[in-house]
Structure formats: structure tokens, C-alpha cells
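Peer 1: Sharing a sequence plus its predicted fold:
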Amino acid sequence: MEMFFQALMSILTFEGLLTILVGVTAGLFIGSLPGLTATMALAVLLPFTFTMSPLQGLMALGAVYMGSIYGGAFTAILINTPGTPSSIATTFDGYPMARQGKAYEALVAATIASVVGGIVGVAFLLLLAPPLARLAVVFGPAEMFWVAMLGLTLVASLSSGSLLKGLLGGCFGILLSTIGVSPVGGETRFNFGIPALQGGIELIVALIGLFVVPEVLSMASQGRGALPESGKLEGGVGIAFRKMSRHIFGKPVNLIRSCIIGQIIAIIPGAGGNVTSLVAYNEAKRFSGKPDSFGKGNVDGVVASESSNNVMVAGSMVPLLTLGIPGAPADAIILGVLLMHGLRPGIDLFTETGVLTNGFVLSMGFAALFLLPVGLLGGRLIHRVVVKTPFYFMLPSIVMVTILGTYALRNSFLDVGLMLLLGTIGYFLRLIGIRAAPIVLGLILGIIAENGYVQTMLISIADPIPWLGLVENPLSKVLVALVLLSAATSLLPSWLERSGRMAKTTPDENPDRVNPKEEGKP
Amino acid sequence: MKITTTQWVVSLSILAALVVPGVAAAQQYPEQPITYTIPFDPGGISDTTARFQEPHLEEILGTDVNVSHRPGGGGAVAWSQFQSGAEPTGYEMIGVNIPHIIAQPIMRNNAGYETDNWEIVSFYHFTPTALIVSEDSPFETLDELVAFAQENPGVVTLAGSGSYSGSHLDVLRLEREAGIDLTYVPFSGTGPLPAALQGNHVSGLLDYTMLGVQMEDTGRVLAVSSEERVPALPDVPTFREQGYDIVGGAYRGVAVPKGTPDEVITKLEDAFAETNERITEQQEPLGFVMTNITGEEADEIIGELETAYQPILEDVQEE
């Protein structure tokens, strides 16, 4: 406890607070640029922290991490482009809201959700780290396979309209994930004779290509900007803030559920923030009274996505600080910094070097708090820029930034080419009703599923029936049940609807694109 | 043809104009920032080390050293691009790792690069591998593990990072040396390994000594694959001490394109040697063995390990 207050005091100095403020602001802008991820932001910042004291360095890293995960929401809402992979789910409802002229409300909701999420994550980390860490190691290869399967059932709810088209998109994504060196075995696959394709298709490249390029192309073809001109701020920051906080805290179930989901997924090594927000979004939709309103600008979708991914920031530190297991890619950098300062993950970190550890954790909490003013002001600024800029300036600028961002990722023109190619494919796929989200989901989860499956098969190679290894542990069985349940709850309604046992719900946002099979029914 | 004095003067001065700046450039090297490409993800061991080196290299060389990442394909993406496109000016250098640069060209149809198509400046690190089991593992010693594996072929599962990496090759060598049948389970990187062991998903880990140091409290290190004991793990016997001739692991180094002027290479060699001395104090406790293998010695090591790994790798390919 003494260490806790000592740590608190060392943060509550002018220098400490300034470090966090600068870190959050820098992180926010890096995170909002597509192509520059949280991992990248931390890697860039790393050399600067060498000149700081260990605590100050860690504070800066924590603040940048928190800021960049939140920053992804800006572009997600304003131009339908997730700035970081963890804000994919924010686009689903954030962008429709923006199209309806409620962009600032969506930004405020995202900000409030992120602040709460960030603080909840810190609280979990401070209070429940040791028991949660035990949960982290239970997830082995077999469990990871089922987690990926559970994630893939999301395809059903992400494919607004036709399940078949959603599944097609998912399969396309999984096929993309097989390009490159196989994760187990090391063979090169599907690289079409191009050595550079041994690295596979980088997630960010696909993300930018599949989300940004089709969006820009359709904006250009319709001759419109990202947001309608009417999307002006009504009544200023105060009113939007009050309205959104009333909405979010009035029915806190969604927020609480998303935070808990965020924390559980954050501690699973290898799943990370990319999956967190998608799962939280899906559950928000499932438990909502009006699942049909999701994807059309329901603010609850934004809240679910943004709160869960900010829980992940501190939440993924649980296995990192206690066991040395990075829960998300960016955590590997934090681990490097800890080792560099001679701090070995373990319980000692909370006792012997408790001041430093507590200071680091607390600084993330302060960083989350700082998101509120920085986000509300920064959001207003960016919002105004996006609304005011005519589309003939806006679109080329977006294209420019995405190309630069893609190149900067690995200094590779191949990535830029891939991004543009995927984007063009994505545009035409979108015209026939296959959206980007299921494809990206397939790409993310295909790798996790393959890894888990092959590793499980290897581990149980000496057993008489190796695939039983997939369902050997109790947790695997629970996950299998969840997969079946999730598949059933997504499939049953449409099945009942088709067989006429349930009143037909209102058709999808694109009435002209209703499944032709259904139309053909007598 | 008669050559007049004027012609002589002209041709000599042209020659001088061509040659002298080259000499001068090498003497003044470096005049501009140097790009130091790391072919792996940020946060990995290679990256962390480069971050340690960066400020010292900058101070010694008197110029900016920009660390940039080009991950993918276990390093192959960056290496193939480097060999086909980097200029031999000394302003582009890249991190290289053994056994990756030996194993990938053998195992892959088209890795896009060759093991020796560059000039190795220095191998600055040697990282032995360590065999780690959990605290509640039934195996107290390496011999117990080997005895169990002899009776139960394929049942002992050892996890490590990557395929045909230092970990994988040392598992294959242990199988040959002890005449046993183990199952190697590759994971992507070192990150998920501690969880795999602590969750009892595998019987043990065979990965770099860094992990052995990191897991000292939660696991038991049964052996390390260095010639002599590792300073950071003084109580752990080597494989050789226990009768298995396995000395190997990963060498980390840095290379420049073929054709880079010798003066430049020497300058870089000296800079890395000096840097190594300065960061030894921070690096050794993490489990590294600091080395300074340069010039012909580096080529010898590559050649030696190539002959050691070739039969093992070809065996696997045939299976």
C-alpha cells in the first residue's frame, strides 16, 4: 500500500502529468493514421525512453499505447477506416452514425467508452492480476483453435443480408491467411514465385486495402465527401457529452458486459485487441433488444467496441507483468523495456519493485482519464476538418495517407501494390454484397485456427486418435459448447424465418439486395 | 598511336577525378545516416538488441543509425530484398541470424536469397538454447527425460519458436544424439512459450537462454547448448557435460551488401566491437554470450554449421 501511494506521488508531479499528456496526444494522432499501429507507435518511441528514468519511460509508453488504441476510433467513425486493427468493430456503427450527421455523438460515445474501459482495465490489473494470470495459461493450442472458431461464428452476424455471402467473404479471408510461410512446418505456400510473399499478407495491408479503398472509390463514384454537410455540431460539446453519458450510463449493462469480455480476451495470449472488439460487438448485438438496428448507427455498437479494446490495454498487462506472456503484439515491446531496465516479470514485480510497477499501472489509469479532454477537443478539431474539407481534397488526401502508411509499415512497395489490389477486389466484392469485415475476420482468425489445430495434432501425435486432443480439456469442451450455441443463435432465427414459423423481420438496409432465394419463395 | 603529354594529363586527371572521391568517401565515411534493417517484428530479441546498440553506434560512428523493421517469412522477406536491392555504400546494413540464413535456403524452394551473398560485418551475439521444464515436471535431469523418451517415442513434446530455427535444429540434434523420438511443436516467437509450459500443454521448452533466465523462478533449466556454462545460468550444465554433443543456437550479426569497400567494413567492425564492450554489462545478465566474430572467421562458422545442419535438414525433408 505504501508503494502504491509512493507511486501515486511520483506521477502527480508536473513532469509526470506532462509526460502522460504528451504521450496520450501523440498516441492519439499516431493511432488515427491508418497503417501506423500501436505497436509501431511504441517501437518508434522506444529510443526516446532510454534518456528518461525507468518510471517516466514506462509512463510514456503506457500513455502512448492507451492513446493510440483510442485514436483508431477517429478514422473508424469519420471515414470508415479503422486506424488500428482493434477498432474494426467501431466502423460498423460509428460510420453509419456519422453518415446520419451524428459523427460527434459517436466520437463522444467512443471517448466515454474508452475512458471507462481504460480505467476498468487498470482496476482489474491492480486488484485481480494473480487469479486472472492463472486463467491465461489454461488457453493452450486446442483452446486457441476453439476461440478462433468462436470468432468465426461472428461471420454470421457481420454479414448483414446474406449468410452465404458472409461465409464466402470469410473463406476468402482464410485463403488469404494461408499465403506465406506456414506457421507450423515452415513451408512456403502460395507465394506465386515472389520471395517477398513469404511474409504473407500483413493484416494492416489487408485492413487498409479492404476498408479504405472501396470506401474512397464509392465516395468518388457518388461524388460525395465522407460526411454529409449537415453533420454539424449541434449545441456544442456539452450537450453531446451529456446526451451520450446519459445513454451509456443509463443502461450500463452493455458497458459492463463489454468490459468483462475485453478483460477475458485480453489475457488470452495471441488473441489480442484485434479480436476483443469484434467479440464484444457481437455480444452487444446478440443481447440487444433490437439486433436489427446494429450496423445502421446504433451507438451501443460503438460503445461495446471502444470500451472493450481499451480494457485490453491494461488488461493484457496481466499475463505480461505476472508471467512474462505478452497478450497483445504491442506488449512484446513493453516486455522488452521491462527486461532492459532489469525488471523480470513475476510476483516480485509487484513487491520488490512495486513502486515502479504500480506507477506504470497507475499512469495508464491517468492516461485513460486524459483521453476525455484530449479526445473531446481533438475529436472536435478532426471532426471539423473532415466535415469542412470538400471531397475533392479529402479523397486524394486519404489515398495519400493510406499509401504512405502502407509503405511505412515495412518499407515495401509490394505492400502498397497488395493494398491497392485488395482494395480493388474489395470494391467489386462490395458491389455484389460481400463486405470487408468477414474477409478481415477470416484473415485474422485463419492463422490462429491453423496454428491451434496443427499444434494440437502435433502434441497428441502419440495418442491413438490425435484429434480427440482438440476436446480433451474441460475448457475446450466449454468452448465447443459456446461455438455450437453461437452458431445456433445466429442460424436459428433465419431458419425459422424461412420456414415461416416467425414473422418476417424488417429486411436489411439494402432492400434491393435481399437474398434472391427468399424473394423466390412462394 | 602516339600519346601526347596533354592526353596523358587529361586521362590521368579523369582517372584521379574518378578514383579520389571514392577514396575520400571511404575515409570520410559515414557522411549520412545509416539504415539498419531488422528482419523481424519490433519487440523481438533482434530488435531489442538493435535498440541497445543504436545510441552507441551513433556515438562511435558520428551519424544517425535508423533502425527499421521489415518482418515476414522468418526474416526471408527482408533478406531477399536486401540481396537484390541494397547499395554497397555502407549506408545500408541488415541484421542476419544463424541458423535462419543457413536453413531457409536449404528448406525452401525459393527463399529469394543465398546464405553467403553478402559481407558479414560481425556476429556480435551467440545465444545458446536451453531445455526448460516446469517446476512440477517429473523430469529432474536431462537423463530422466531421455530415458522416458526412449520408452515412449513421440510422447515428449518440446515447444520452441519457429520452424528450422535454433530451437528446432537443437531438438533434431538431441533426437539424433540420444537416439530418441521427440515431438517438436513450433510456436510463433518466444512470447507464447511460457504459457504453453505453465498451462501443461507441452512437456518442455527448447528455446533461447533468455527464456531460461526469464523463467528461472517458474521452471527448471535442464541443459544449455553452449560450449561452456552460460554466465547468467551458472548452475545449469551444458549438453556436452551430460554426454550429448550439442553446441549450437543462434548467432546474431549484421551484414552489408557484397562489394562494400573494405575500409567501410573495417569501420563498422570496429564500431560493433566497441558497442559490444559497452553493452556487455546490460546484455550478459539476459542470457546472451557476447562475441565478436568477423571476416574469415564468420565465413568459417557459416561453413561449419552448414555442414552440421545439412544432413539433419535433408533427413527431415525426406520424411
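Peer 2: In hand now; what should we look at? Keep in mind that what you see is a predicted model, and the values were worked out from it rather than measured.

Peer 1: Now do the strands in chain B.
Peer 2: B:34-38, B:65-69, B:92-98, B:119-134, B:157-161, B:183-187, B:204-208, B:219-224, B:249-256, B:289-293 (DSSP state E).

Peer 1: So what angle separates the directions of the longest one and strand B:219-224?
Peer 2: Just to be clear, that refers to strand B:119-134. Per axes from the mean of the first three to the mean of the last three C-alpha atoms, to 10 degrees, the angle that strand B:119-134 makes with strand B:219-224 is 130 degrees.

Peer 1: could you redo the strands of chain B as JSON lines and give each row mean pLDDT?
Peer 2: Shown next, in JSON lines, are the strands of chain B (pLDDT from 0 to 100):
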{"stretch": "strand B:34-38", "mean pLDDT": "92"}
{"stretch": "strand B:65-69", "mean pLDDT": "85"}
{"stretch": "strand B:92-98", "mean pLDDT": "93"}
{"stretch": "strand B:119-134", "mean pLDDT": "93"}
{"stretch": "strand B:157-161", "mean pLDDT": "92"}
{"stretch": "strand B:183-187", "mean pLDDT": "91"}
{"stretch": "strand B:204-208", "mean pLDDT": "93"}
{"stretch": "strand B:219-224", "mean pLDDT": "93"}
{"stretch": "strand B:249-256", "mean pLDDT": "92"}
{"stretch": "strand B:289-293", "mean pLDDT": "90"}
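
Peer 1: Determine which stretch of those is the most buried.
Peer 2: Neighbour counts (mean count of other C-beta atoms under 10 Å in any protein chain shown) averaged over each of these peak at strand B:204-208, with a mean of 28. (C-beta placed from N, C-alpha, C; glycine too.)

Peer 1: State the distance from the closest residue to A:L163 other than its chain neighbours to chain B.
Peer 2: Among residues not flanking A:L163 along the chain, A:A156 sits closest, at 5.9 Å (C-beta to C-beta, 6 or more residues apart in numbering or on different chains). According to C-beta to the nearest C-beta, to the nearest Å, A:A156 stands 28 Å off from chain B.

Peer 1: My guess is A:A156 contacts A:L491. True?
Peer 2: Yes - judged on C-beta atoms under 8 Å, A:A156 makes contact with A:L491 at a distance of 6.6 Å.

Peer 1: higher neighbour count, the two?
Peer 2: A:A156 (19 against 13; other C-beta atoms under 10 Å in any protein chain shown).

Peer 1: so A:T25 is in which element?
Peer 2: helix A:14-32 (DSSP states H and E).

Peer 1: Please parse chain B into its domains.
Peer 2: Per the record, chain B has its domains at B:30-126+B:249-318, B:128-242, by automatic domain parsing.

Peer 1: Pull the contacting residues for residue 106.
Peer 2: Reading this off chain A. A:77, A:93-94, A:97-98, A:299, A:302 (C-beta atoms under 8 Å, 6 or more residues apart in numbering or on different chains).

Peer 1: could you do chain B instead?
Peer 2: Counting by C-beta under 8 Å, 6+ apart, the residues that B:I106 touches are B:309-310, B:313-314.

Peer 1: Buried subset of those as a PyMOL selection?
Peer 2: Listed next is the PyMOL selection for buried residues among the contacts of B:I106, using 16 or more other C-beta atoms under 10 Å in any protein chain shown:
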select buried, chain B and resi 309+313
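
Peer 1: could the contacts of B:I106 go into JSON lines alongside pLDDT?
Peer 2: Shown next, in JSON lines, are the contacts of B:I106 (pLDDT from 0 to 100):
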{"residue": "B:Y309", "pLDDT": "88"}
{"residue": "B:Q310", "pLDDT": "88"}
{"residue": "B:L313", "pLDDT": "86"}
{"residue": "B:E314", "pLDDT": "85"}
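
Peer 1: Let me know the closest of the contacts of B:I106 to A:L197.
Peer 2: B:L313 (22.6 Å; C-beta to C-beta).

Peer 1: list the contacts for that closest one?
Peer 2: Counting by C-beta under 8 Å, 6+ apart, B:L313 has contacts B:103, B:106-107, B:164, B:169.

Peer 1: Top of these by number of neighbours, please.
Peer 2: B:L169 (30 neighbours).

Peer 1: Surely it touches B:G248?
Peer 2: Yes - B:L169 is within contact range of B:G248, at 6.5 Å (criterion: C-beta under 8 Å).

Peer 1: Provide a list of residue ranges in chain B with pLDDT below threshold.
Peer 2: B:1-27, B:43, B:319 (pLDDT under 70).

Peer 1: those helices in it, which residues are they?
Peer 2: Secondary structure of chain B by DSSP state H: the helices cover B:5-28, B:45-61, B:76-85, B:100-107, B:142-151, B:166-178, B:193-198, B:209-214, B:262-283, B:295-318.

Peer 1: Compare these and report which one is nearest to A:G193.
Peer 2: helix B:76-85 (11.9 Å).

Peer 1: Okay, buried residues for the closest one please.
Peer 2: In helix B:76-85, counting by 16+ other C-beta under 10 Å, buried: B:76-83.

Peer 1: do stretch A:184-192 as well
Peer 2: A:184, A:186, A:188, A:191.

Peer 1: Out of those residues, flag the one nearest to B:V254.
Peer 2: A:G186 (23.9 Å).

Peer 1: need the helices for the stretch 201-350 of chain A, in chain order.
Peer 2: Ranges of helices in the stretch 201-350 of chain A, per DSSP state H, counting those that start in this stretch, are A:203-207, A:213-222, A:236-250, A:253-267, A:272-287, A:299-315, A:317-323, A:331-340, A:348-351.

Peer 1: Now mean pLDDT too, for these, in a markdown table please.
Peer 2: A markdown table is the format used below for these (pLDDT from 0 to 100):
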| stretch | mean pLDDT |
| --- | --- |
| helix A:203-207 | 83 |
| helix A:213-222 | 85 |
| helix A:236-250 | 79 |
| helix A:253-267 | 87 |
| helix A:272-287 | 80 |
| helix A:299-315 | 89 |
| helix A:317-323 | 81 |
| helix A:331-340 | 77 |
| helix A:348-351 | 71 |
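
Peer 1: For B:L169 and B:G248, list the residues in contact with both.
Peer 2: B:P99.

Peer 1: still on that earlier bit, turn the helices of the stretch 201-350 of chain A into JSON lines, including distance to chain B.
Peer 2: Shown next, in JSON lines, are the helices of the stretch 201-350 of chain A (distance: least, C-beta to the nearest C-beta, whole Å):
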{"stretch": "helix A:203-207", "distance to chain B": "11"}
{"stretch": "helix A:213-222", "distance to chain B": "22"}
{"stretch": "helix A:236-250", "distance to chain B": "34"}
{"stretch": "helix A:253-267", "distance to chain B": "10"}
{"stretch": "helix A:272-287", "distance to chain B": "11"}
{"stretch": "helix A:299-315", "distance to chain B": "15"}
{"stretch": "helix A:317-323", "distance to chain B": "6"}
{"stretch": "helix A:331-340", "distance to chain B": "3"}
{"stretch": "helix A:348-351", "distance to chain B": "8"}
